[in-house]
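Q: what follows is a predicted protein model with its sequence.
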Amino acid sequence: MEACNAYYYATRDPLGARGDFTTAPEISQMFGELVGAALADAWQRAGKPWPVRFVELGPGRGTLAADALRVMRSARLDPPIHFVETSPTLRAAQALQHPGAHWHDRIDELPDDGPLLLVANEFLDALPVRQHVGGQERRIEFIGGHLAFDRDGEIVETAPARDEAVAAIASRLVAQGGAALVIDYGHPESAPGDTLQALHAHRFARVLDRPGEQDLTAHVDFAAVARAARAAGAEVTLLAEQGPWLERLGIIARAAALAATAPERAGEIEEARARLCRPDRMGSLFKLLAIHAPGWPAPAGLG
């Protein structure tokens, strides 16, 4: 999974109609705007410490950052921009929108001299998982000219790389201050099950087909995320579903304002809001929690 995704992201822009999937920031500007509002509000309630930096992990084309930073600047917060991104293709796309940004290959390369306002949207799901059946790690073999799993049965997934990333985020926040929004699809409690999946041309595909040519992800175990963050000393909010959280932050009013400004786009705006919020679409599958430094307030809309 790690090798396939490294090649996959390094060699293409996977987003949009010509790619394999579409993320929330690409659906509507409202998503990034509310992320930016939540982070700016947390910074204000923390006493407006400076220097502070905006950080995004796996920032795609830079769309979420553009929308979030526009709102932050309206709140008189114009932080330096730091992206954790390894794909040369996506870095080039990000540079078009954010020519003054700073890029890093790893979380531990981020500056360590001030609070971080961090967002990880659909970042953790792409980190590699391990699968075990009956206590033995599930492996991949080459049989009869095809890739195949070496065993089947009840699967237990672990994600050491994901735990390591969360611990790195939390440790930085504890040492430097700040808050992080972690947004992804996943489940609230740890449980057995096979969640590894592939997307190709916006359709689910067999995970062992086309290695390196399709997107591989696994559902995020948010209970494990919370455990890893707390073990590093950070505070963790309650888990929220994406739809209700966006509604608590005012997406209905924002959609109405956008539609009033551009009546010819009212249907498009409402469709985007519904796609982000309705429980039968992205609203329930996608969830989020915040990790924040002790002494920092939790971002708005989260317990």
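A: Arrived safely, thanks for sending. Residues are numbered from 1 along each chain as shown.

Q: in the stretch 151-300 of the chain, where is pLDDT below threshold?
A: Judged by pLDDT under 70, the stretch 151-300 of the chain has no weakly predicted residues.

Q: what ranges does it have for its strands?
A: In the stretch 151-300 of the chain, the segments counted as strands under DSSP state E, counting those that start in this stretch are 155-158, 178-187, 197-200, 203-205, 215-217, 220-221, 235-236, 240-241, 286-292.

Q: identify whichever of these lies nearest to Trp50.
A: Closest to Trp50 of the strands of the stretch 151-300 of the chain is strand 178-187 (Cβ to Cβ; 12.1 Å). For every residue, glycine as well, the C-beta is placed using N, CA and C.

Q: any idea how far that closest one is from the middle of the chain?
A: Chain-centre distance of strand 178-187: 6 Å, with Cα atoms, centre = their mean, to the nearest Å.

Q: okay, now the sheet partners of it, with direction.
A: The pairing partners recorded for strand 178-187 under DSSP bridges are strand 116-121 (parallel), strand 220-221 (parallel), strand 286-292 (antiparallel).

Q: who wins for proximity to Val35 among these?
A: Across those, Val35 has its closest neighbour in strand 116-121 (5.6 Å, Cβ to Cβ).

Q: list the contacts of that closest one.
A: Residues outside strand 116-121 that contact it (Cβ atoms under 8 Å, 6 or more residues apart in numbering) are 23-25, 35, 39-40, 42-43, 52-58, 64, 68, 79, 110, 169, 172-173, 176-184.

Q: filter the residues you listed down to the ones in helices?
A: Per DSSP state H, helices hold the following members of the contacts of strand 116-121: 24-25, 35, 39-40, 42-43, 64, 68, 169, 172-173, 176.

Q: could I get the residues you listed as TSV with neighbour count and distance to Asp13?
A: Putting the ones in helices among the contacts of strand 116-121 into TSV (neighbours: other Cβ atoms under 10 Å; distance: Cβ to Cβ, whole Å) gives the following:
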residue	neighbour count	distance to Asp13
Ala24	22	17
Pro25	27	14
Val35	28	21
Leu39	30	26
Ala40	25	29
Ala42	22	31
Trp43	26	31
Leu64	26	15
Ala68	28	20
Ile169	29	25
Arg172	25	29
Leu173	25	30
Gln176	18	32
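
Q: identify the residues contacting Ala126.
A: Ala126 neighbours (Cβ under 8 Å, 6+ apart): 5, 9, 58, 215-217.

Q: quickly check those for the two that are furthest apart.
A: By the measure Cβ to Cβ, Gly58 and Leu216 form the most distant pair in those, at 13.9 Å.

Q: pLDDT on stretch 27-39, on average?
A: Averaging pLDDT along stretch 27-39 yields 98.

Q: so how far is it from its chain's centroid?
A: Distance, stretch centre to chain centre, for stretch 27-39: 13 Å (Cα atoms, centre = their mean).

Q: and for stretch 104-112?
A: The answer for stretch 104-112 is 17 Å, by Cα atoms, centre = their mean.

Q: now stretch 263-271
A: Per Cα atoms, centre = their mean, the centroid offset for stretch 263-271 relative to its chain is 26 Å.

Q: could I get stretch 224-241 in PDB with only the CA atoms?
A: Extracted in PDB, the C-alpha atoms of stretch 224-241 (Å, rounded to 0.1, in the frame of the first residue of the first chain):
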ATOM      1  CA  ALA A 224      -7.100   4.600  17.700                       C
ATOM      2  CA  VAL A 225      -6.400   8.200  16.600                       C
ATOM      3  CA  ALA A 226      -7.700   9.500  19.900                       C
ATOM      4  CA  ARG A 227      -5.600   7.000  21.900                       C
ATOM      5  CA  ALA A 228      -2.400   7.900  20.000                       C
ATOM      6  CA  ALA A 229      -3.000  11.600  20.500                       C
ATOM      7  CA  ARG A 230      -3.800  11.300  24.200                       C
ATOM      8  CA  ALA A 231      -0.700   9.100  24.700                       C
ATOM      9  CA  ALA A 232       1.400  12.000  23.400                       C
ATOM     10  CA  GLY A 233      -0.200  14.300  26.000                       C
ATOM     11  CA  ALA A 234      -2.700  16.200  23.800                       C
ATOM     12  CA  GLU A 235      -6.300  16.900  24.500                       C
ATOM     13  CA  VAL A 236      -8.900  15.300  22.100                       C
ATOM     14  CA  THR A 237     -12.500  16.300  21.500                       C
ATOM     15  CA  LEU A 238     -15.400  14.100  21.000                       C
ATOM     16  CA  LEU A 239     -15.900  12.600  17.500                       C
ATOM     17  CA  ALA A 240     -18.400  14.400  15.300                       C
ATOM     18  CA  GLU A 241     -20.000  13.600  12.000                       C
END
